[in-house]
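> give me the fold of what follows.
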Amino acid sequence: MGAAAVDLLYWRNVKQSGAVFSSVLLLLFSLTQFSVVSVGAYLALAALSATISFRIYKSVLQAVQKTDEGHPFKGYLDMELSLSQDQISKYADKILLYTNTCMKELRRLFLVQDLIDSLKFAVLMWLLTYVGALFNGLTLLILAVVSMFTMPVVYEKHQAQIDQYVGLIRTHVNSVVGKIQAKIPGAKRKEE
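Numbering: from 1, shown residues only. Okay, here's the model as predicted:
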């Protein structure tokens, strides 16, 4: 994760983090009420209204003051806006690597290469059926965004206590998994 993203999530610049957080939440809440097409169209209309109004304002101002400043967005119009072949190749390679890794892991889990991992995956999928019954995907996305902007700050302020409880939970879970592995034949992990 880039340094700018970390600063954003840790609220180093409160105004910038607040603007991004509120914009993303507003977009997500809009998507709960309207379709993606409607929200996209409204955002485009809002942006066009702002840029057309600014352009007309600057044109009238130039006419009244009799100045020749030119197009107000000339700097942006002159900017190069394209992806190089190297950038596209780099991102395509990353997507390909991620896709292949996911496919190999799913094959390993579904074809029960390791019984314990496949059972953990089954339990996770079973739990997700309950999560899916309670929340839709957009609600989960809103919760994820709120968590991304709050949990790093909470962890930073209460790191010692959180680490202590996470250590206790991890120890307990490892002991339970060890007991289960000992009782199920063929469930012992291979030494890696």
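
> tell me how far L28 lies from Y130.
From L28 over to Y130 the distance is 23 Å, taken as CB to CB, to the nearest Å. C-beta coordinates here come from the backbone N, C-alpha and C atoms, glycine included.

> then K90?
K90 is 39 Å from Y130, by CB to CB.

> which of those two has more residues huddled nearby?
Between K90 and Y130, counted using other CB atoms under 10 Å, the more crowded position is K90 (12 against 9).

> any idea of the mean pLDDT for the host helix or strand of G167?
Here G167, judged by DSSP states H and E, is contained in helix 159-183. Averaged across helix 159-183, pLDDT comes to 90.

> so which other helices or strands are in contact with that helix?
Counting contacts by 3 or more CB pairs under 8 Å, 6 or more residues apart in numbering; DSSP states H and E, helix 159-183 packs against helix 115-134.

> now the helices for this protein?
3-9, 14-33, 36-65, 74-77, 85-110, 115-134, 137-157, 159-183 (DSSP state H).

> contacts for the fourth one next, please.
By CB atoms under 8 Å, 6 or more residues apart in numbering, the surrounding residues in contact with helix 74-77 are H71.

> please repeat the previous calculation with a cut-off of 10 Å.
T51, H71 (CB atoms under 10 Å, 6 or more residues apart in numbering).

> how far is that helix from where the chain is centred?
Computed by CA atoms, centre = their mean, to the nearest Å, the chain-centroid distance of helix 74-77 equals 31 Å.

> angle of the helix holding G167 against helix 137-157?
120 degrees (axes from the mean of the first three to the mean of the last three CA atoms, to 10 degrees).

> got the contact list for Y42?
S30, F34.

> ugh, wrong one, I meant H158
Residues near H158 by CB under 10 Å, 6+ apart: Y165.

> give me the phi and psi for it.
Backbone geometry at H158, expressed as degrees, to the nearest 10, gives phi -130, psi 40.

> repeat for R12
Per degrees, to the nearest 10, the backbone of R12 is at phi -70, psi -40.

> and M79, how far is that from S23?
Applying CB to CB to M79 and S23 gives a distance of 23 Å.

> for G132, same thing?
Distance, G132 to S23, by CB to CB: 28 Å.

> same thing with R55?
24 Å.

> please identify which of these two sits among more neighbours.
Applying other CB under 10 Å to R55 and S23 shows that R55 carries more neighbours, namely 13 against 10.

> ok, the more buried one touching E69?
No. Using CB atoms under 10 Å as the test, R55 is too far from E69 to be in contact (11.9 Å).

> where are the low-confidence patches of the chain?
1, 186-192 (pLDDT under 70).

> residues near the closest residue to H71 other than its chain neighbours, how many?
Of all residues not flanking H71 in the chain, L77 sits nearest, at 6.8 Å (CB to CB, 6 or more residues apart in numbering). Residues lying near L77 (other CB under 10 Å) number 9.
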